[in-house]
Each structure stands twice: as C-alpha cells, then as structure tokens.
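>>> got a predicted structure plus its sequence, pasted below:
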Amino acid sequence: MACPKVLLLTGYGINCEEETAYAFQACGAKSAIVHVNDLIAAPEKLADYQIFVVPGGFSYGDDTGSGNALANKMRHSLWEELMAFVAADHLVLGICNGFQVLVNLGLLPGDGDSSFGSRRVALLANSSARYECRWVHLAKGESDSVFLRGVESLFLPVAHGEGRFFCAPETLAELQAQRQVALRYVDDQQQPARGVFPVNPNGSLDDIAGLSGARGRILGLMPHPERAFRLNHLPDWPLRAALDPGLDWRGPGPGQVIFANAVSYFS
C-alpha cells in the first residue's frame, strides 16, 4: 500500500487536528479529519483507514480529568470497532491529550487482547502544579515502536497540565520488561533527567514521556511532534537562518520522522 489513509479524530476541544493531518499528508498519506459523533454514527468507516490518530487539545475541557470523557465516549460507542482495528495490521497514535485518551481507554499499555480496556497507568497533574509549555530533549526507550524506527533522540515541545506518568511499581517493572517505554525525558547531553525539573517537565515516573504497545503499533506521547515538523518550527530557527542564509526552512524538523515512519510502514 503506497498511500495509507489516516483518520484524525476531532470534536469538543481537540485542537491539533489540522497540523497533525498536514504532517501525515506531507509524508505521503491521505488524511481525513472526522468528528467523533460522525464516527460513532458510522463506526464501520474506521475499517477504511490504516492509521487512527487522537490529536492533542483539551477534549471536553478536561472537566472530568484529561482525556477521560472522550475515552468513555469511545469505550461505550466504538469499542468493538477499535478492537478490530487494533487486531489488524494498523497503527494508532495519541499525542498529548490523545495519549491521555489512550491511557484512560486502556489501549495503552495493553499487551494483548485480554488486557485492552484495563486502565493500569495514569497521566496526573504536573508536579509543578502548572501548565508547562517548553521544549524538551528526549531519548528513545527500549520499545520497538514502528513510529520510532531509526530514532535515538528527539527535541520536541510539550504543552500540558496533566502529563505526569504514574503507575504501580509492579506495572512499571512489567512495562520495562516488556520493552514498552517509548520515550524518556533527558537533558541536552542525553543524560537521564532523574525526575529533575525542568528537564523532566512534569515529574513523570522513570522520566517516561511516551509509551508503546507491546506489538509496537500503538504509540502515546506527551510531546507534540507535529509542532516540530519543519526546521522553522524550532525555537533557534532565527539563529540557524542567520548563520546559514541558504538553509531551507522546509527541511525536516525532529518530529517529522514519527509521521514518516508511520507512512512508510505501509509501503
């Protein structure tokens, strides 16, 4: 399949669907932004796509906890279709609020059909008790995520108030043993953050910034790769351009590889 189709969910506070759709399209996919109510009205349409994305935003205003209301709506209205989608050779991506949705829905860290739907980890309020909006350094974890093939490190922005990864000690040991940690916060020398703010912007356990499904086809992450898609998205772009006037602003930013890997998986 040369050109996979991507369904990006929208509605009720999701606000990053346009730029995420653009990122996939620029990498060769066909993107469709679909309101959650329209998908619920015709859930069989999900089978027409190869990549399912829950973008960032503030679904339902985060009024009952980040990602919780949308996760419940999907659980009660789309569960069978989601299970069929995940069972096929398809990909699922949740960014920021989308990661929170996947966690609340129980698609992450799900390690098989029997564990999907069980909420075993959480994304809690930041340790700083503030909304954190900053660029962070990341190192790839132990996972074999399709989205992170060839990636060793990333530099991406975060923008969230509830991104602190937390789980029981036995669950963390299980995630590590099953190689499901996708990304960790590190410093600019790629050394572990060890929970220290602001290198770890939210106080996440084990510095976890992203989680992968055991089969590598589901990824949730708090940082926003769609906001680092082009070189001129980077915070030091003016300096780069001044030092090299011939530098093409359309060149790939650090986040582009995540979308390119997802598209190339189907080619």
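Arrived safely. Because the structure is predicted, anything quoted here is derived from the model rather than measured. Residues are numbered from 1 along each chain as shown.
>>> could you use CA atoms for every contact and neighbour count after this?
Fine.
>>> need the three-state assignment for Ile33.
Secondary structure, DSSP: H, G, I helix; E, B strand; the rest coil: Ile33 is strand.
>>> ok, it - contacts?
Leu7, Leu8, Leu9, Thr10, Glu17, Glu18, Ala21 (C-alpha atoms under 8 Å, 6 or more residues apart in numbering).
>>> any idea how far it lies from Asn97?
16 Å (C-alpha to C-alpha, to the nearest Å).
>>> ok, His35 next?
Counting by C-alpha to C-alpha, the gap from His35 to Asn97 is 16 Å.
>>> between the two, which one's more packed in?
Neighbour count, other C-alpha atoms under 10 Å: between His35 and Asn97, Asn97 has more, with 32 against 16.
>>> so that one touches Tyr60, yeah?
No: in this structure, Asn97 is not within contact of Tyr60 by C-alpha atoms under 8 Å, at 10.6 Å.
>>> wait, Leu123 sits on Phe166?
Yes: applying C-alpha under 8 Å as the test, Leu123 and Phe166 come out as touching, 6.2 Å apart.
>>> those two - which one has more neighbours?
More neighbours surround Leu123 than the other of Leu123 and Phe166, with 25 against 19 (other C-alpha under 10 Å).
>>> name the element Val158 belongs to?
Using DSSP states H and E, Val158 sits within strand 153-160.
>>> and the following helix or strand past that strand, which strands flank it?
The helix or strand immediately downstream of strand 153-160 is strand 164-167, counting by DSSP H and E. Applying DSSP bridges, strand 164-167 is found paired with strand 121-124 (antiparallel).
>>> show me what the partner strand is in contact with.
Contact partners of strand 121-124, identified using C-alpha under 8 Å, 6+ apart, comprise Gln100, Val103, Asn104, Pro109, Glu162, Gly163, Arg164, Phe165, Phe166, Cys167, Ala168, Thr171.
>>> any of those residues buried? List them.
Taking 16 or more other C-alpha atoms under 10 Å as the criterion, what is buried in the contacts of strand 121-124 is Gln100, Val103, Asn104, Pro109, Glu162, Gly163, Arg164, Phe165, Phe166, Cys167.
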